[in-house]
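Participant: Structure for this input, please:
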Amino acid sequence: MKKLLILLLFGFIHSVYAQKYTGLEKVLQKELSTSSTKDGRWVFYAKRASIEKLDKVQIKKYFPEYDVFKMELTNYLGYHVNQANCIVLYDSLKSAIIKVDPLWYGGISDTLIKLCINKKFDNKDSLLNFMKAIHELMVIDSGYSFVNTGCTEKNISYDLMSAKGNTYTITNFNGGSSVTQNLKEGAWRKTTIVIDDLKIKKYTSINPVTSDKEEVK
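Facilitator: So this is what the prediction gives:
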C-alpha cells in the first residue's frame, strides 16, 4: 500500500510538472531542436533541462509578457559538447522565447540588452533595480558579479568582477569529463550605460586589458 501511494504521488507530481510547462517545452523543442545540425547550436532535452521559474519582479514589471526561466541546455560546438544553465524569457501569448547564453559562452548578452534599449523607467531607483535583475540573470553560474561603480544623470557604470578562487565547471554530455575554469580576481569588463530621460540609450562593455568593445544601442 505504501509503495502504491509513493507511485501515485510521483505520478501526480510528474503530471503537474508536465502540465505546468507544456507550452514552454513545445516552443523549446521547436526553437532548440534535437534535429538541428548547425555548429554552435543549443539543444533542449526535456529530461535533462530541470526547468525552474525565477521570480524577477523588476523584469516582470516592465516586461509583463515575459516569464523568466532557468534551465540546462546542451551546446554543440565542433567536437565540444557541453551543458550549461541558460536563461530563457518566455512569452506564452506569442509562443516565443528569448535565450540568454551563459556569460562564458557569448559574453554580454546582446539579446537581453536589446530588450532594454529605449525602455522608459519610472525613476532612477527603478532603473537601477531593473539593471540589477538583468545583470543577475547574465552572471548565473558564472563566478562573476556586476558591481555598480558610478551613477549620474547621464551614465551608470559597472565593473564585471570575478572573485579570486571562483570557478565554473563545464561537463560534457556523457558526464565523462569536465573542465574547470579558474577565475582571476579583478574586473573582466568595464560597462557604461548611457541614459536619457530615464531611458537606456546605449550599453557599452569594454575589456580593460585588450580594449575589445561590445556596444548595444
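Participant: mind listing what the most centrally placed residue in the chain touches?
Facilitator: Central residue of the chain (Cα atoms, centre = their mean): residue 87, 3.3 Å from the mean position. Residue 87 sits next to 54, 68, 69, 70, 99, 100, 112, 137, 138, 140 when contact means Cβ atoms under 8 Å, 6 or more residues apart in numbering. Every C-beta, even on glycine, is put in place using the N, C-alpha and C of the backbone.
Participant: so it bridges to which residues?
Facilitator: Taking DSSP bridges as the rule, residue 87 bridges to residue 70, residue 100.
Participant: Also residue 81?
Facilitator: Under DSSP bridges, the beta-bridge partners of residue 81 are residue 76.
Participant: so it makes contact with residue 73?
Facilitator: No - counting by Cβ atoms under 8 Å, no contact exists between residue 81 and residue 73, whose distance comes to 11.6 Å.
Participant: For those two, indicate the residue with more neighbours.
Facilitator: Set residue 81 next to residue 73 and count neighbours by other Cβ atoms under 10 Å: residue 73 wins out with 23 against 15.
Participant: Grab the CA positions of the helix or strand harbouring that one and hand them over as PDB.
Facilitator: Here residue 73 is covered by strand 66-77, with elements defined by DSSP states H and E. Output in PDB follows, covering the C-alpha atoms of strand 66-77 (Å, rounded to 0.1, in the frame of the first residue of the first chain):
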ATOM      1  CA  TYR A  66       7.700  37.500 -20.200                       C
ATOM      2  CA  ASP A  67       8.200  34.900 -17.600                       C
ATOM      3  CA  VAL A  68      11.800  34.100 -16.700                       C
ATOM      4  CA  PHE A  69      13.200  30.500 -16.500                       C
ATOM      5  CA  LYS A  70      16.500  28.900 -15.800                       C
ATOM      6  CA  MET A  71      17.200  25.500 -17.400                       C
ATOM      7  CA  GLU A  72      20.000  23.300 -18.500                       C
ATOM      8  CA  LEU A  73      20.700  23.300 -22.300                       C
ATOM      9  CA  THR A  74      23.300  21.500 -24.300                       C
ATOM     10  CA  ASN A  75      25.700  23.200 -26.700                       C
ATOM     11  CA  TYR A  76      27.400  21.600 -29.700                       C
ATOM     12  CA  LEU A  77      30.400  23.400 -31.000                       C
END
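Participant: Who are the packing partners of it?
Facilitator: Counting contacts by 3 or more Cβ pairs under 8 Å, 6 or more residues apart in numbering; DSSP states H and E, strand 66-77 packs against strand 41-43, helix 46-49, strand 52-54, helix 57-62, strand 80-91.
Participant: among those, which is nearest residue 200?
Facilitator: Residue 200 lies closest to helix 57-62 among the helices and strands packed on strand 66-77, at 10.8 Å (Cβ to Cβ).
Participant: Can you give me the buried ones in stretch 201-217?
Facilitator: By neighbour count on 16 or more other Cβ atoms under 10 Å, the buried set for stretch 201-217 is 203, 204, 205, 206, 214, 216.
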